[in-house]
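Trainee: Give me a model of this one.
(chains A, B, C and D)
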There are 2 protein chains.
Amino acid sequence: MEITRKAEYAIRILSYLAAKDTGENVPSALIAEEQEIPANLVPQLVAALTKRGWLTGTRGAGGGVRLAQDPEQITIKEVIEFIEGPIVISRCLVAPEACSRRTACPLNQVWARAQQAMLDVLGGTTIADLVKAKCTR
Amino acid sequence: MEITRKAEYAIRILSYLAAKDTGENVPSALIAEEQEIPANLVPQLVAALTKRGWLTGTRGAGGGVRLAQDPEQITIKEVIEFIEGPIVISRCLVAPEACSRRTACPLNQVWARAQQAMLDVLGGTTIADLVKAKCTR
DNA sequence: TTTTAATATAACTTATTTGGTTAGTTTTAT
DNA sequence: ATAAAACTAACCAAATAAGTTATATTAAAA
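Mentor: All right, here's what the predicted structure looks like:
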């Protein structure tokens, strides 16, 4: 029932870089230090975010990563789902066709409504919103 | 990020008994069979729900359990939290005082708003609502 | 051109949580 | 007495999450 740490780390990395916004390369080691994220985890997360197109990386000495996309266009929901896969609060919503009760059972609808309410908030908040609210760390 | 099966089983047990509403004792074995819940798990869940006051049990041959409280007064949220403990979508909301960023970081507020939106749905739905919607199994 | 600093990628280990099992004790109707 | 049932507690196994380790690749700098 919880957002994983990796997803939260990813969000913090993105908003941290969005707040810097100097166009300069930031190495993983610095991100790890300033954001208090396990140093060995950062390169992994950064690589994934780069593959996704949200960051761009430069290898070698003096290298690092920086934001590659408008932070207004990256929602919290997208980041979480990219790292964790689809957000689902109940198995019933993963494979509803596998549930024999599906059509009759209103629990499915309760889960769906509860989940949607949550996703509306997460999908309506962007990395830029976090930066605006001064979440630099 | 998911509601556990035990919590869902508990909700289904309650709405199943609420739908019966005959005042007769229903043994765990029957609940397990009709609700397709692992037979060994039902007695545990039933015992917990009884301790909580939602069910009342009669031991011995011919015994079983039945609903002991108005299903209008039991919300989905209450059942989940009784079985799983408090619903939290992020560690930040469990022990905010342990987070050095707490006051500055708007992520906390995003989590809080997303969680509240979800809890509003779960807290606004009762066992009686499920029964009305014909969720007898 | 060698060294160093960095990304990028994969595999692995450990801790925690979940889902379920097992075993046993009471209690009560037959 | 016996059988059927609620109760209770302890345990086990599978899955997931979190973090570690190792290695290859690339590019700047000495």
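
Trainee: switch to C-alpha atoms for all contacts and neighbour counts from now on
Mentor: Will do.

Trainee: can you give me the helices in chain A?
Mentor: In chain A, the helices defined using DSSP state H lie at A:5-20, A:28-35, A:42-52, A:76-84, A:106-123, A:127-132.

Trainee: So which bits of chain A are right by DNA strand C?
Mentor: A:1, A:26-29, A:43-44, A:46-48, A:50-51, A:56-65 (CA under 7 Å from any atom of the strand).

Trainee: From B:Asn25, how far off is the residue nearest the centre of chain A?
Mentor: Residue closest to the average C-alpha location in chain A (CA atoms, centre = their mean): A:Val79, at 2.4 Å. In this view, A:Val79 and B:Asn25 are 50 Å apart by CA to CA, to the nearest Å.

Trainee: Same question for A:Ile87.
Mentor: Counting by CA to CA, the gap from A:Ile87 to B:Asn25 is 39 Å.

Trainee: what's the model's confidence in stretch A:11-31, averaged?
Mentor: What stretch A:11-31 shows for mean pLDDT is 92.

Trainee: Excluding chain neighbours, what is closest to A:Gly62?
Mentor: Closest residue to A:Gly62 apart from its sequence neighbours, by CA to CA, 6 or more residues apart in numbering or on different chains: A:Asn25 at 7.4 Å.

Trainee: Hmm, A:Val65 and that neighbour touching each other?
Mentor: Yes. Taking CA atoms under 8 Å as the definition, A:Asn25 is a contact partner of A:Val65 at 5.0 Å.

Trainee: Those two - which one has more neighbours?
Mentor: Each of A:Asn25 and A:Val65 has its neighbours counted (other CA atoms under 10 Å in any protein chain shown); A:Val65 has more, 23 against 17.

Trainee: Contacts only, for that one.
Mentor: By CA atoms under 8 Å, 6 or more residues apart in numbering or on different chains, A:Val65 lies in contact with A:24-28, A:46, A:55-58.

Trainee: what does A:Ile11 give?
Mentor: Contact analysis of A:Ile11 by CA under 8 Å, 6+ apart lists A:76, A:79-80, A:127.

Trainee: what's the farthest-apart pair in those residues?
Mentor: The largest separation in the contacts of A:Ile11, counting by CA to CA, is between A:Ile80 and A:Ile127 at 11.9 Å.

Trainee: between these two, which one's more packed in?
Mentor: Neighbour count, other CA under 10 Å: between A:Ile80 and A:Ile127, A:Ile127 has more, with 27 against 22.
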